[in-house]
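# please work out how this folds:
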Amino acid sequence: MNVVVFDLETTGLSPQRDAIVEIGAMRVRDGRVVEDERFETLVRPLSGDGHPLRIPWRAQQVHGISDAMVRDAPDLGDVLPQFLDFVGDSVVVAHNISFDTSFLRAATGRYGLRWAPPAQHCTLQLSRQAFPAERSHRLDLLAERLGLSFAPGGRHRSLGDVRVTAEAYLRLLERLRVGV
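Here you go, the predicted structure:
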């Protein structure tokens with residue numbers, strides 16, 4: 001099974017009002033993360049009518065992506081087809097996948113593209129199954145439970161979150177498979 005783990009960073013929480021500022025993805029094959037098969041790019045955020053959007057201070061505090069960092073980045077209209085080609089017909093995985101896919105559905109609709117992976121898995125949902133007694137299933141807490149760590153500066157940056165999500169996905173599948 002061909003799997004792509006992905007993550008988005010955005011200007012906020014609403015796919016109708018906010019924009020994607022970073023996309024990261026890595027392929028998982030044969031139970032291993034394939035480090036050299038990855039997709040990563042900053043994205044210049046634009047409003048629905050094509051005007052540049054500023055990244056709110058609150059969002060910058062979360063992911064550390066500033067207006068200066070995305071000033072010369074490609075627009076989503078240029079990046080999205082490349083990302084969709086990278087994903088291809090793979091099963092997709094993300095932590096809280098409904099958030100990321102809501103942005104992708106809104107974006108693909110705006111650009112006349114199609115987001116229709118054959119299947120999707122959510123590590124947030126898998127974490128709830130594997131650790132039903134835990135109250136929170138945030139990615140950083142899940143990583144801690146599974147003995148994973150983020151590279152310095154990697155939390156809330158798309159590729160840093162993707163690496164941990166991919167490893168968490170593999171460990172959660174194993175945990176659920178053996179009934180630990």
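
# where does this protein dip in pLDDT?
By pLDDT under 70, the low-scoring segments of the chain are 152-153, 179-180.

# in it, which spans are strands?
Using DSSP state E, the strands of the chain run over 3-10, 20-29, 32-42, 91-94, 120-122.

# so for Tyr111, which of the ones you listed sits nearest?
Closest approach to Tyr111 among the strands of the chain (CB to CB): strand 20-29, 11.7 Å. The C-beta positions use only the backbone N, C-alpha and C, and glycine is treated the same way.

# which residues touch Arg175?
By CB atoms under 8 Å, 6 or more residues apart in numbering, Arg175 lies in contact with Ala130.

# and it, how close does it get to Phe6?
In this view, Arg175 and Phe6 are 22 Å apart by CB to CB, to the nearest Å.

# likewise for Val28?
For Val28 relative to Phe6 (CB to CB), the value is 11 Å.

# and these two? Which one has more around it.
A count of neighbours by other CB atoms under 10 Å puts Phe6 above the other of Val28 and Phe6, at 29 against 22.

# just confirm that one contacts Ala94, I think it does.
Yes - between Phe6 and Ala94 there is a contact under CB atoms under 8 Å: 5.6 Å.

# now list whatever residues contact both of those two.
By CB under 8 Å, 6+ apart, Phe6 and Ala94 have these common neighbours: Asp100.

# just the helices from this protein, written as ranges.
Here the chain has its helices, by DSSP state H, at 57-63, 67-70, 76-87, 97-110, 123-130, 139-145, 158-178.

# need these in TSV with distance to His51, can you?
Below are those laid out as TSV (distance: least, CB to CB, whole Å):
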stretch	distance to His51
helix 57-63	17
helix 67-70	13
helix 76-87	13
helix 97-110	14
helix 123-130	33
helix 139-145	32
helix 158-178	24
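
# so which of those gets nearest Pro15?
helix 97-110 (3.9 Å).

# quick one, the closest one and strand 20-29 angle?
Counting by axes from the mean of the first three to the mean of the last three CA atoms, to 10 degrees, helix 97-110 lies at 110 degrees to strand 20-29.

# what about dumping the CA coordinates of helix 97-110 to PDB?
Written as PDB, here are the backbone C-alpha positions of helix 97-110 (Å, rounded to 0.1, in the frame of the first residue of the first chain):
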ATOM      1  CA  ILE A  97      -7.000  14.800   9.000                       C
ATOM      2  CA  SER A  98     -10.400  16.500   8.900                       C
ATOM      3  CA  PHE A  99      -8.700  19.900   9.500                       C
ATOM      4  CA  ASP A 100      -6.200  19.500   6.700                       C
ATOM      5  CA  THR A 101      -8.600  18.000   4.200                       C
ATOM      6  CA  SER A 102     -11.100  20.800   4.800                       C
ATOM      7  CA  PHE A 103      -8.500  23.200   3.600                       C
ATOM      8  CA  LEU A 104      -7.500  21.000   0.600                       C
ATOM      9  CA  ARG A 105     -11.200  20.500  -0.400                       C
ATOM     10  CA  ALA A 106     -11.700  24.300  -0.300                       C
ATOM     11  CA  ALA A 107      -8.500  25.000  -2.200                       C
ATOM     12  CA  THR A 108      -9.000  22.300  -4.900                       C
ATOM     13  CA  GLY A 109     -12.500  23.600  -5.400                       C
ATOM     14  CA  ARG A 110     -11.200  27.100  -6.000                       C
END
